[in-house]
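> structure, please.
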Amino acid sequence: MNKIYYIIFTLCLACSLNAQNKIQNLNFIFANNGYGFGYEYESFIRSNLSIGADLRWYDIRNDEFPIYDPYFNQFTVAGEKDILMFPLFFRTNYYLFEGRIANNFRPFLTFSIGPFIAVDGDETISSFSKKWRSTESQTNLGGSFGFGVSFSQSSGNNLSLGFGYDHLTVEKEIHSKKDFGGGFLYLKYQINRE
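You can find the predicted model right below:
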């Protein structure tokens, strides 16, 4: 019986993604654990409601700090960890005050949920390509919510600014840590509109 619900949900999602007003965005993310980039696909099902997919790439850097070595007269990085997160979230954006304020200023709320892959590279290997060959990875369920403001430009492309919170908790500890979520700021640039 559960398979039927998944099939119906997938069909509804696919039909709505083929609707008009499809938007593709590039995201630049500055999180308290590091930084990231993302690609977002958004499809409007109503003038104030959109659904879509959000694929992100996070480079986790929260425990690193530079140390000066006076003997060699250079800086080294202490606490370096090679951890990558790849969230694939299904998202919903709700645009507030639709039709009540100017069209070039659109505040919105966003909610995302889906799986994410956590990859732990081998820090003892200095070669970049070899470091990622011997990795440990795990898949977990995560989520995100936030607030943003979209600004329309005369060229037809939008620029959005916002902040949010990620819930990225792994089941098996990575470097004695399970929670890699936290607050983030993002800059979203629209690259295509159909």
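
> switch to C-alpha atoms for all contacts and neighbour counts from now on
Noted.

> find the least confident helix or strand in the protein, judged by mean pLDDT.
helix 2-17 (a mean of 50; mean pLDDT, DSSP states H and E).

> and after it, which helix or strand comes next?
strand 22-31 (DSSP states H and E).

> that next one pairs with which strands?
strand 34-46 (antiparallel), strand 182-193 (antiparallel) (DSSP bridges).

> tabulate the CA atom coordinates of that strand in PDB.
In PDB, the C-alpha atoms belonging to strand 22-31 read as follows (Å, rounded to 0.1, in the frame of the first residue of the first chain):
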ATOM      1  CA  LYS A  22      10.000  27.000 -14.300                       C
ATOM      2  CA  ILE A  23      13.000  28.700 -12.900                       C
ATOM      3  CA  GLN A  24      16.600  27.600 -12.500                       C
ATOM      4  CA  ASN A  25      18.900  29.200  -9.900                       C
ATOM      5  CA  LEU A  26      22.500  29.100  -8.700                       C
ATOM      6  CA  ASN A  27      23.000  29.400  -5.000                       C
ATOM      7  CA  PHE A  28      26.100  30.600  -3.100                       C
ATOM      8  CA  ILE A  29      25.800  29.500   0.500                       C
ATOM      9  CA  PHE A  30      27.800  30.700   3.600                       C
ATOM     10  CA  ALA A  31      27.100  28.400   6.500                       C
END
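
> now that strand: buried residues?
By 16 or more other C-alpha atoms under 10 Å, the buried positions in strand 22-31 come out as K22, I23, Q24, N25, L26, N27, F28, I29, F30, A31.

> distance from that strand to the middle of the chain?
Centre-to-centre, strand 22-31 and its host chain are 8 Å apart (C-alpha atoms, centre = their mean, to the nearest Å).

> element containing the residue nearest in space to the middle of the chain, please.
The residue lying closest to the centre of the chain (C-alpha atoms, centre = their mean) is R56, at 3.9 Å. R56 belongs to strand 49-60 when assigned by DSSP H and E.

> which residues sit against that strand?
If you take C-alpha atoms under 8 Å, 6 or more residues apart in numbering as the criterion, strand 49-60 is touched by 16-17, 33-45, 81-95, 180.
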